[in-house]
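Trainee: this is a predicted model, with the sequence first.
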Amino acid sequence: MYQFFVSPEQIQGNRIIISGKDVNHIKNVLRMKTGEEINVKTGMDGKEYRCGIWEFTEDEVICELYFIKEEDVELPVKVYLFQGLPKSDKMEWIIQKAVELGVYEIIPVASKRAVVKLDEKKAKSKVARWQGISEAAAKQSKRAVIPQVTLPMSFREALAYCRDMDVKLIPYELAKNMEQTRKAIEGIEKNQSVAVFIGPEGGFAEEEIKEAKEAGMLPITLGKRILRTETAGMCVLAFLLYQLEE
């Protein structure tokens, strides 16, 4: 069943109004008809609004609400992925897969060894595109929320941003103790906030690791092999999913 996101004000009693780019997608791409059922979510309250298409107008799809279902599809922790800016279009793939695996928020980080440099104008344009990818992935994976993609931050800004989070992990190629990684993952409790820092292609600089440790971050290993930047975050998310999902 297809899923779409609306803002809370588009739910009006037993009517749900879909507008924007989804109208064209429903009418001309999916070629849906009146009477067909769809799922609608706000991306905020964790509820699924099951409804049927009642009427098409020029710029809206008007749906009739059938019932509301409380869904429990989210991870029991909020995972904040601090992703070092990668080259090429890797960030798009990272966002898509991270959303599928349950990430709560994605923070692009301009760390020292990141090759990609974004000025303010480019950053806003990129983030708008990345947010669209997050929304599409949330629809496809039937998420209850749309993970937010923030504007890029410097490494120090990112450390400040996660200051009050409960668990702070930073995979580092010189960390060798897998037992420490296991203990860190197993020690995470439901409803905690988890910061995961992933370096760009060149990894983190030694001074960044030093700053991270001073800020309370725990260096962990992801195994004996060196992972690509687009793989490392998915590895951590998979660890968390395995440990915490019921």
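Mentor: Great, that's in hand.

Trainee: now residue 149: phi and psi?
Mentor: Here is the backbone geometry of residue 149 (degrees, to the nearest 10): phi -110, psi 120.

Trainee: residues near it, how many?
Mentor: 27 (other CB atoms under 10 Å). To be clear about C-beta, it is placed using only N, CA and C from the backbone, and glycine gets the same treatment.

Trainee: ditto for residue 56
Mentor: Residues within reach of residue 56, counting by other CB under 10 Å, total 15.

Trainee: so what's it bridging to?
Mentor: Note on residue 56: beta-bridge partners by DSSP bridges are residue 61.

Trainee: now do it against residue 165, distance only.
Mentor: 45 Å (CB to CB, to the nearest Å).

Trainee: now swap in residue 102 and tell me
Mentor: Residue 102 sits 16 Å away from residue 165, going by CB to CB.

Trainee: so the two - more neighbours on which side?
Mentor: residue 102 (23 against 16).

Trainee: who are the contact partners of the more buried one?
Mentor: 74-75, 79, 143, 237, 240-241 (CB atoms under 8 Å, 6 or more residues apart in numbering).

Trainee: using the three-state scheme, assign it.
Mentor: Recorded secondary structure, residue 102: coil (DSSP: H, G, I helix; E, B strand; the rest coil).

Trainee: in which helix or strand does residue 237 reside?
Mentor: Assigned by DSSP states H and E, residue 237 falls within helix 229-244.

Trainee: alpha carbons only: can I get that helix in PDB?
Mentor: In PDB, the C-alpha atoms belonging to helix 229-244 read as follows (Å, rounded to 0.1, in the frame of the first residue of the first chain):
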ATOM      1  CA  THR A 229      32.500   6.100   4.700                       C
ATOM      2  CA  GLU A 230      29.200   5.100   3.100                       C
ATOM      3  CA  THR A 231      29.500   1.600   4.800                       C
ATOM      4  CA  ALA A 232      30.600   2.600   8.300                       C
ATOM      5  CA  GLY A 233      27.400   4.400   9.400                       C
ATOM      6  CA  MET A 234      25.200   1.600   8.000                       C
ATOM      7  CA  CYS A 235      27.300  -0.900  10.100                       C
ATOM      8  CA  VAL A 236      26.600   1.000  13.300                       C
ATOM      9  CA  LEU A 237      22.900   1.300  12.500                       C
ATOM     10  CA  ALA A 238      22.700  -2.400  11.800                       C
ATOM     11  CA  PHE A 239      24.400  -3.100  15.200                       C
ATOM     12  CA  LEU A 240      21.800  -0.900  16.900                       C
ATOM     13  CA  LEU A 241      18.900  -2.400  15.100                       C
ATOM     14  CA  TYR A 242      20.000  -5.900  16.000                       C
ATOM     15  CA  GLN A 243      20.500  -5.000  19.600                       C
ATOM     16  CA  LEU A 244      17.400  -2.900  20.200                       C
END
